[in-house]
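Trainee: Got a sequence here, can you build the structure:
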Amino acid sequence: MKIFKSGQNISQGYYKSFQPEFINRQLQVENMEILDLLSQADRELGRLDMYSKYIPNIELFISMHVLKEATQSSKIEGTQTNVDEALLDKEDLPLDKRDDWEEVQNYIKAMEWAINHLKELPFSSRLIRGAHKLLLQGVRGEIKQPGEFRNSQNWIGGATINDAVFIPPVHNSVPELMSDIEKFLHNEELHIPELLKIGLVHYQFETIHPFLDGNGRVGRLLIPLYLVSKGILQRPVLYLSDFFEKNRKLYYDNLTVVREKNDLEQWYKFFLVGVIETAKNGINTFDNILQLQKQTDTDIQKLGSRAVKAKKVVDYLYNRPIIAADKVSEIVSISMPSSYKLISDLEKLNILKEMTGGQRSRMYVFDNYIKLFR
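Mentor: Just a heads-up that it's a prediction; the model follows:
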């Protein structure tokens, strides 16, 4: 790779901020290890995308992928909500868990909003700010300029700016730096593979840290959004937060190495390994879903005349795998006693499992399905 210059530290009086170089320029990648990883990543993405084209009712399963991504991306930032808790209603959670739950729900809303608006908006600062606004709405970061680039200095790590681990660029350079990202992504004269483009953009976004809060989550959100916007993926089914969370120290170390040593190659290796592993895991999850679906459909047929109603309930469970008796009653238009009878049938087939242990307000979980996302 030709010499990559990440930027430089600039004195701001009593501290130094990092000023990134613009990225809207041609990159020459000659490292064979990176090219080999890029080839593998493209192949695995192609296989993963095939599932999103050919699996019936793919939207049922995507909502669970998004929910897992929301919990993992938020977990990197310190929230503690897990997949099971994220599926519950707010009122069903203890008071001390509700703030974290809301942050996860906001991530889901932000992702869905951004994917839907890709049909009418280009991949742009406007789209990014719109997703950010939803991300911080009504949660702990709501006072930190939701949907707006910051107008003050921020920093990463440390109680004060004096002992910060990293200090991003001054706020008045943020609009120009974000504009440079847009130009880079839409510059058709640059012949750079799309995965290398979004890998560099993720690094640059985290370096700019354009918002007062939510930068990590938005930066990770950009990856599937960009791949969908370019038609590399038909649906948002690749989420790297799980990989970044499991390799959190390496993730931050590799971002730091780019800034301190101009070593973009090491970041690319890490990023592409993440794409490969995540795509393979996604393919494995879809395979397991198809096997579970086949087995569940076979089991349901044992219910005879009640199989049609049971199938409706199970189809709902692929989207929301925790359910109560009143919801079953609503889905298949039956009385509450009949609802409990149908639930009992599904329990005997090991499709549903009671999760509360109480006599009232019972909740039932499609446990074999949720296990695929834990």
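Trainee: can you pull the buried residues of stretch 21-40?
Mentor: Buried residues in stretch 21-40, counted by 16 or more other Cβ atoms under 10 Å: I23, L27, V29, I34, L37, L38, Q40. Backbone N, C-alpha and C define where each C-beta goes, glycine included.
Trainee: helix or strand right after the helix or strand where the fifth one lies?
Mentor: Looking back up the chat, that one is L37. Secondary-structure element containing L37, defined by DSSP states H and E: helix 32-54. As assigned by DSSP H and E, the chain's next helix or strand after helix 32-54 is helix 58-76.
Trainee: how about low-confidence regions in the stretch 1-150 of the chain?
Mentor: Counting by pLDDT under 70, the ranges of the stretch 1-150 of the chain that qualify are 1-2, 56-57, 60, 77-80, 140-143.
Trainee: again, only using 50
Mentor: Along the stretch 1-150 of the chain, no part satisfies pLDDT under 50.
Trainee: For stretch 236-244, which outside residues touch it?
Mentor: With contact meaning Cβ atoms under 8 Å, 6 or more residues apart in numbering, stretch 236-244 is reached by 45, 48-49, 51-52, 62, 65-66, 68-69, 72-73, 75-76, 111, 115, 220, 223-225, 227-228, 251, 274-275, 277-279, 281-282.
Trainee: a markdown table please, covering the buried residues of stretch 21-40 and showing distance to L212.
Mentor: Compiled in a markdown table, those are given as follows (distance: Cβ to Cβ, whole Å):
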| residue | distance to L212 |
| --- | --- |
| I23 | 23 |
| L27 | 31 |
| V29 | 34 |
| I34 | 34 |
| L37 | 35 |
| L38 | 35 |
| Q40 | 38 |
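Trainee: Distance of H209 relative to E260?
Mentor: With distances taken as Cβ to Cβ, to the nearest Å, H209 is found 16 Å from E260.
Trainee: more neighbours, those two?
Mentor: Higher neighbour count among H209 and E260: H209, with 22 against 12, using other Cβ atoms under 10 Å.
Trainee: contacting residues for the closest residue to that one other than its chain neighbours?
Mentor: Distances taken as Cβ to Cβ, 6 or more residues apart in numbering put P168 closest to H209, at 3.9 Å, once the chain neighbours are dropped. Taking Cβ under 8 Å, 6+ apart, we find P168 in contact with S17, F18, Q153, N154, W155, I156, T207, I208, H209.
Trainee: Could you confirm P168 falls within a helix?
Mentor: No. With DSSP: H, G, I helix; E, B strand; the rest coil as the criterion, P168 is coil rather than part of a helix.
Trainee: Quickly note the distance from it to S74.
Mentor: 21 Å.
Trainee: what residue lies at the spatial centre of the protein?
Mentor: With distances taken as Cα atoms, centre = their mean, the residue of the chain nearest its centroid is E69 (3.7 Å).
Trainee: Can you name the residues that contact that residue?
Mentor: With Cβ under 8 Å, 6+ apart, E69 has these contacts: Y107, M111, R220, P224, Y239, S241, D242.
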